[in-house]
Structure formats: C-alpha cells, structure tokens
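# Here is a sequence with its predicted model. Questions after.
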Amino acid sequence: MIGRRKQPLAAAARTRASASAVLSATQLRWLGAMLIAAQLPQAPHLPLWIAAFGLMLVGVRLWLARSDARRPGAAPARIPSWALVVFALVTAWFVRLSYGGHLAGREPSVAFLFILVGIKFLESRTRRDGTLLVCLASFLLITPFLTSQSPLAALAALPAILGLGGALDALDRTSGAAPPWRTTLARIGVMLLQGVPLAALLFFLFPRLAAPLWGLPQDYAAQSGLSDTMSPGMISELSLSDAVAFRVDFDGTPPPPALRYWRGPVLARFDGRTWSGLPQRGEGTLASPGGPAVRYTVSLEPSMKPWLFALESPSRMPQLADDDGPGDGARSDFAILTPDRQLIARRPVTQVLRYTETSVLGDRAAPASALDVRLASAPARGNPRTLALARELRAAHPQDRDYIAAVLTMFREQAFVYTLTPPLLPADPVDMFLFDEKRGFCEHFASAFTVLLRDAGIPARVVTGYQGGEINPRGGYMIVRQSDAHAWSEALVDGVWQRFDPTAAVAPSRIERGIAGALPDGEPVPRFARLGGGLLKNMQLALDALNHAWRRDVVGFDNARQRELWRAFDLTARTAPWAIGAAVLALGAWGAALIALMAWRRRHAERAIVLWRRACARLAAAGLPRQAWEGPLDFAARASARWPQFAIAFAAIAESYAALRYADTSARPAEREALVATLARAVDVLPPAASLRTLGGAAR
C-alpha cells in the first residue's frame, strides 16, 4: 500500500517539476528582449539579409508565444526539431556563400551565431533552454567589440547587459508573480552602479598585460588602403574615400604641410603600365640625427596590409606604444626597414596599431645599395613618344638637375589639369597622358615624371603614401584620411635620393591646402576633405576626438601607461605597499557599506518574514512547533485550537503573512504597508512563550 501510494506522489512531483521548468510568458519576453538588445549592436556590421533574418526569428518566436497565451487550452505552437536542424544547415550554407565560400573566419562565424541564437530561441521550451540562450547572448554581446571599441559601442552594449540581467532574474523565479519590468531594470542598474567603483579601482591598479591572453583568426577581407602596385586611376579612386587611414599625436608642434609626406610602399618596377615594389628585405639604414626631428605616435587603422607610415626620413625603428623598453631598437621583431626606407610590419595590420616614431624632416637621403640603384635605373618599357621626348630634353639639358627642372617646368607651363576624374588610358598610358589627355591625378604625374627621368638615364622610382593631414582642433591631433593618398617621385641626384613632387608643379595648393584646395569646382571631393567647417563636419570631428581619446586613454591603457600613472603618483617600491593597503582598505570599506545597505534593505523589505519567523519561534518555544508541510493558515488553525483566546491574532498573522508572501502587492505599496502593520500588531498581541505554556491546553 505504501509503495503504491508513493508512485502517484512521485509522478505528481515529476509533473510539477516539469511544469515549473517550462518557460513562462514573462520569461520568454525577457529572453526575447535580451536577444534583440544583443543583436542590434552587431546588426550594422553584417549583411542586410543576415541582420534582418536573425531579428525576424526572434520576432517570430515572440509572436508564437503571444498566440499561445491567447489559446490557453490549446497545444502550444512548435516547430519540429528536425526541421530546425535542416534550417540551421541551410542557413550556414547561405552564410558561407555571403562570405566568399568561408565559414571558419571571424566575420562568418559571428554572422552564423547571429542567426543561430534566433533558431535556438524558436525551439526554446524549458528553463534549461533559456539558460543556454543567456550563454549564447553573452557571446553575441562581445562580438561588436571585435569591430569597434568606441564609446558608442560600449553604450550600445548597455541595454543588452540590462536585458541579460532581467532574463537571469526571470529564469530564477519559479513561482509567484514577476515584478514590473521597471522594478527589475532599476534593481539591475543599481547593481551595475555599485560595481563601478570596484571596476575603476581594478582598472587603474590591477597589473595590465603587455599583450592579450588570446587572439582570434582574422578575416583578410578587402580594406580601403594603399596597394603594393600602382596603375592609372588607383589612387584617384582611393581619394574618394573619407575613411581614416591613421591618426597622429605629435610630441611638439606638427610640421608644416609641405613636410607632411607619410612614406608608404616604394615602387621601382615598371612594365609600361603598372608600377610594383621590390622584394622586402630588412637591410635599410636609419637616417642620421642632425636635421630637424619630430617625435610622434601613430594610431594606424586596420588595413590587412603590412605598411607602416612615417614622415621622411625615420631615424629610429618604430616602437609599439605599449613597449616601455629601451629607446632605439626596442622590439626589433615588430617591423623591418627596407633599403628604400619603407617601414613594414612583420604581420599584416589587423587591428588598431599604435607605435611611436621619430623622423628627420627633409627631402634627401643617402642611397641604400647598388642593387636598388640598378633596379631604379632600368629603362621604362613601352610609351615610345615619352622616350623620344626624354631624349630631346636630355640633349638640351645634359646636367641632371637642369633636366629635372626642365621636366617640372613642362608640367607647370603646359595645359596639364589636376583632376579626380581622369580619363581612361588603355594603352601606353604615359604617352596618352603627356601628349593627348593631359588630365590626371597624382599617380599620373608621378608615373610620367619617373618614366621621363629613367628614359634620360637618371635612377628614379615612385613612392606612394599620404600627403598632408588635418589637425582636429578638439583633440589637437592630426587625422590622415584615405583622401590624402598621394604619389610622388624620388631621383638619385648628386649621389643621394631626393624627393620630387610633380603634382606640386601643376597644383601647388594640393600640398599646402589638401586635395580640396587644388581641385577645380565641380569635382567629387569627399565630404570631410572639403575646406571649411559646416555642422556635419564639426560634429564628425567632435565624435572623432571622443573616439580617439577613448581608444588612447581607455582601450589603450596598457602596462606602460599604467606604470606612468603609478610614477605620477610616486608609487615606488617603498610607497607601493602603503598604496596597496589603502586600496584594500577602501575596497573593504566599500564592500562593508554595500553589505550593510543590503542588510538594512532586507530588514525593511522582508519585515514580514522576520515577523512571521518571530511568531513561529514563540509558538515553538511554547510547545507548538510548525511542521515542514504546514502553511500559514493551517498552522494558525492549529494554534487557535490550542489557544482559542488568541484566535483573532493567529488569523490576522496568518492572513497578513500569506497575502504579503504569496500575493503580488508590489504595485500597491500602501496596501503592503497596511498588511505589514497588521502583522506587527498581531505578533505584539501574543504573550511571551512562558505565558503561552501556562495558558495552553494539550498539544495537538
């Protein structure tokens, strides 16, 4: 009999446990809000169909939950598990197609996770599924920071953090009515604010690592930036972009515009149309100190290329901003210097890279090697009319400097036009540019000038990079955009390499005032490269200054800058123990204050529980302990049967406590206060335990 009786009880217990494990409507709403808040910051970085599809899946599940709530007696709408598996496989295939046949890289993996959380939400039925969704949303929450670590990215993550806390709170509630969503968000917000002082203290005092503990595989997707080749029209297309190439913080006064030549890929090979670079060898020679020098820190944007940019000519190897090693030569494994004075990182730049450099300003440098001179002396192929012109000019100007001056005079005096919309030059582009079209951008002038010098027997090569830069008045740093991309020439004159910029002969305002100051009216100048201000540009500069300061002072707060901060506060080996002790005491005081505040709130917020336990303890001491299975009303009825003279007090205690404990009174604070007051008066009516023992009858 006992065994048969236990079986229905166990089955009933399993049924109750299964029912409590099913996600309620409130829990589904919190999970949906959490997923949408986690998806929205990542959506702008994804293809449109993936962003819309992932958000739509979450919306479909919320719509199904609402439909189920309208049909309480019907079976809930459910998609078969096998259909969801097939759906996930088909989705993975389309994501793979959207990313060029790749699914293992960073971007396709994030895109698949974006949709996967929606598919998982479609099949979620139990609290276990909800917990797994919280874990997936936590991963999705950090994926936008792989693309941007700006203050806006941090603010965009805040709703997802609040939603995640709300979802955890809802999943933790297995019974009773859920509090209003405003109450839940307010409580989570208070918890976040309580953790701010602790996070700030750890940020400044906890030892920083020189490098991250882990990394992610990078997607070598196409990025805006210079290439290792140059053909007619390549740089003019790049100059239509407003994207930032890098930012520069100078230790002193920035150099004048005429000296802002940011050296990049050097191109010495020419096949008649396209210029290309030489094999990269780390055999270059640094410039000798002696001329005017400038020290600066470059914040280089990701380009998936190894190019590093520096003012001509670098007098030391670049040093990573987080490297506090000794001066020149520190971190020699970071970059190489080629014989043509090109700085190249050993690995492609896949994330924002900050490095410090020192350059000697000038337009001349000693030759590096006989091999580079020989390659720069190779005759140019094709373009026969250019070759004939070079021979004619050379006959009239046998001296190298006179010949170069004659070529620059030709560019200056003839009807050449500097334009961002040059015509197509299908065959012999230098000939067509010099003799037919005479319209071109900087790469046309640099290419034609270099070919004319080579045809005359003067070693020359093309240098690409950036020229100029705009000082942001709100941050005091320089912004170099892709629209500042430029090409110029170098020629070996009197035994040294010297810079010549034929574009300056045609459009001298390009060097002094930038691209917008040199182009004629009607040219498609990028918005943020235009002269003057304007509300939109001023807003963009203010936002860029905020992002740069955040990246430099918060994201870039590395071990070197932490040590500088410690030195500023005189945290030496002698004073460090005192500082650490003070920090520990401050941390302990903050923790004690939080604990005291929570205890005070618990005493006031849960006063009903305290009063109920006091009444139960008094009755237990009087010989009537409450059984584990007894509810408030049953226990009050048993106590009234033993002490009928206090039946009214027992009933008031039980009814008030039951209403406070099991009814939703959070939205009616006045009613709650009245119930607590009734409970307190009824408990006070009961005499002490000793008096109850003398008054009571037989225990029941």
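Now that the structure is in, tell me what you want to look at.
# Give me the nearest residue to Glu123, chain neighbours excluded.
Distances taken as Cβ to Cβ, 6 or more residues apart in numbering place Leu84 nearest to Glu123, at 5.4 Å, with adjacent residues excluded. To be clear about C-beta, it is placed using only N, CA and C from the backbone, and glycine gets the same treatment.
# who's in contact with the helix or strand containing the one you found?
Following DSSP states H and E, one finds Leu84 within helix 81-98. Helix 81-98 is contacted from outside by 47, 49-50, 53, 102-103, 108, 111-112, 115-116, 119, 122-123, using Cβ atoms under 8 Å, 6 or more residues apart in numbering.
# If you rank these by neighbours, which is first?
Ala111 (28 neighbours; other Cβ atoms under 10 Å).
# what helix or strand is that residue on?
helix 106-123.
# Extract the C-alpha trace of the helix holding Leu84 and format it as PDB.
Extracted in PDB, the C-alpha atoms of helix 81-98 (Å, rounded to 0.1, in the frame of the first residue of the first chain):
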ATOM      1  CA  SER A  81      13.500  19.700 -34.100                       C
ATOM      2  CA  TRP A  82      14.500  18.000 -37.300                       C
ATOM      3  CA  ALA A  83      13.100  21.000 -39.300                       C
ATOM      4  CA  LEU A  84      15.200  23.400 -37.200                       C
ATOM      5  CA  VAL A  85      18.400  21.300 -37.800                       C
ATOM      6  CA  VAL A  86      17.800  21.400 -41.600                       C
ATOM      7  CA  PHE A  87      17.000  25.100 -41.300                       C
ATOM      8  CA  ALA A  88      20.300  25.700 -39.500                       C
ATOM      9  CA  LEU A  89      22.300  23.700 -42.100                       C
ATOM     10  CA  VAL A  90      20.700  25.600 -45.000                       C
ATOM     11  CA  THR A  91      21.400  28.900 -43.200                       C
ATOM     12  CA  ALA A  92      25.000  28.000 -42.700                       C
ATOM     13  CA  TRP A  93      25.300  27.300 -46.400                       C
ATOM     14  CA  PHE A  94      23.900  30.700 -47.300                       C
ATOM     15  CA  VAL A  95      26.100  32.500 -44.800                       C
ATOM     16  CA  ARG A  96      29.100  30.700 -46.300                       C
ATOM     17  CA  LEU A  97      28.100  31.900 -49.800                       C
ATOM     18  CA  SER A  98      27.800  35.500 -48.500                       C
END
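# could you give the mean pLDDT of that helix?
For helix 81-98, the mean pLDDT works out to 85.
# returning to that earlier point: looking at the contacts of helix 81-98, which is nearest Ala396?
Lowest distance from Ala396 to these (Cβ to Cβ) belongs to His102, with 58.3 Å.
# Give me the spatial nearest neighbour of that closest one, chain neighbours excluded.
His102 sits nearest to Pro108 (Cβ to Cβ, 6+ apart), 5.6 Å away.
# So the one you found sits against Phe114, correct?
No. Assessed by Cβ atoms under 8 Å, Pro108 is found out of contact with Phe114, at 10.4 Å.
# Walk me through the domains of this protein.
19-205, 229-539, 606-699 (automatic domain parsing).
# As JSON lines, those domains with distance to Ala589 would be great.
Putting the domains of the chain into JSON lines (distance: least, Cβ to Cβ, whole Å) gives the following:
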{"stretch": "domain 19-205", "distance to Ala589": "10"}
{"stretch": "domain 229-539", "distance to Ala589": "33"}
{"stretch": "domain 606-699", "distance to Ala589": "26"}
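# Pick the most buried one from the ones you listed.
Across these, the average number of neighbours (mean count of other Cβ atoms under 10 Å) peaks for domain 229-539, which reaches a mean of 18.
# Between the two ends of that one, what distance do you get?
36 Å (Cα to Cα, to the nearest Å).
# centre of the chain versus it, how much separation?
31 Å (Cα atoms, centre = their mean, to the nearest Å).
# Stretch 660-679 now?
Here stretch 660-679 shows a centroid-to-chain-centroid distance of 47 Å under the convention Cα atoms, centre = their mean.
# Not counting sequence-adjacent ones, nearest residue to Arg661?
In space, Arg661 is closest to Ala608, 6.6 Å off (Cβ to Cβ, 6+ apart).
# now swap in Ala620 and tell me
Arg626 (6.9 Å).
# now swap in Gly282 and tell me
Ile336 (3.3 Å).
# my read: Thr147 touches Pro41, true?
No. The pair Thr147 / Pro41 is not scored as a contact, 9.6 Å apart, by Cβ under 8 Å.
# Can you read off the pLDDT for Val480?
So Val480 comes in at 92 (pLDDT).
# quick one: contacts for it?
Counting by Cβ under 8 Å, 6+ apart, Val480 has contacts 244-248, 262, 309, 466, 468-470.
# Recalculate using a threshold of 10 Å.
Applying Cβ atoms under 10 Å, 6 or more residues apart in numbering, we find Val480 in contact with 244-248, 260, 262, 298, 300-301, 309, 465-470.
# Among the residues you listed, which lie within helices?
Taking DSSP state H, every one of the contacts of Val480 sits outside helices.
# Mutual contacts of Pro108 and Phe114, please.
By Cβ under 10 Å, 6+ apart, the residues touching both Pro108 and Phe114 are 50, 95.
# what about Met598, neighbour count?
That count, for Met598 with other Cβ under 10 Å as the rule, works out to 12.
# Secondary structure of it: a helix, I assume?
Yes. Under DSSP: H, G, I helix; E, B strand; the rest coil, Met598 sits within a helix.
# Give me the phi and psi for Pro687.
The phi and psi values for Pro687, taken as degrees, to the nearest 10, are phi -80, psi 170.
# Let me see the contact set for the residue nearest to Arg661.
Ala608 sits in contact with 656-661, 665, 672, 675-676, 679-680, where contact means Cβ under 10 Å, 6+ apart.
# and those, which of them are in strands?
Among the contacts of Ala608, no member falls in strands (DSSP state E).
# Among the residues you listed, find the lowest-pLDDT one for me.
Thr665 (62).
# nearest spatial neighbour of Met410, skipping sequence neighbours?
Nearest to Met410 is Leu393, by Cβ to Cβ, 6+ apart, at 7.9 Å.
# Next, find the distance separating the one you found from Ala405.
According to Cβ to Cβ, to the nearest Å, Leu393 stands 10 Å off from Ala405.
# and what of Pro197?
Taken as Cβ to Cβ, the span from Pro197 to Ala405 is 68 Å.
# Then Glu107?
Distance from Glu107 to Ala405, by Cβ to Cβ: 52 Å.
# cool, Ala659 as well?
Ala659 is 100 Å from Ala405, by Cβ to Cβ.
# hmm, back to that, in a helix, the residue nearest to Arg661, correct?
Yes. Counting by three-state DSSP, one finds Ala608 located in a helix.
# need the contact list for the residue nearest to Ala620.
So, once contact is read as Cβ under 10 Å, 6+ apart, Arg626 ends up touching 612-613, 615-617, 619-620, 632, 634-636, 638-639.
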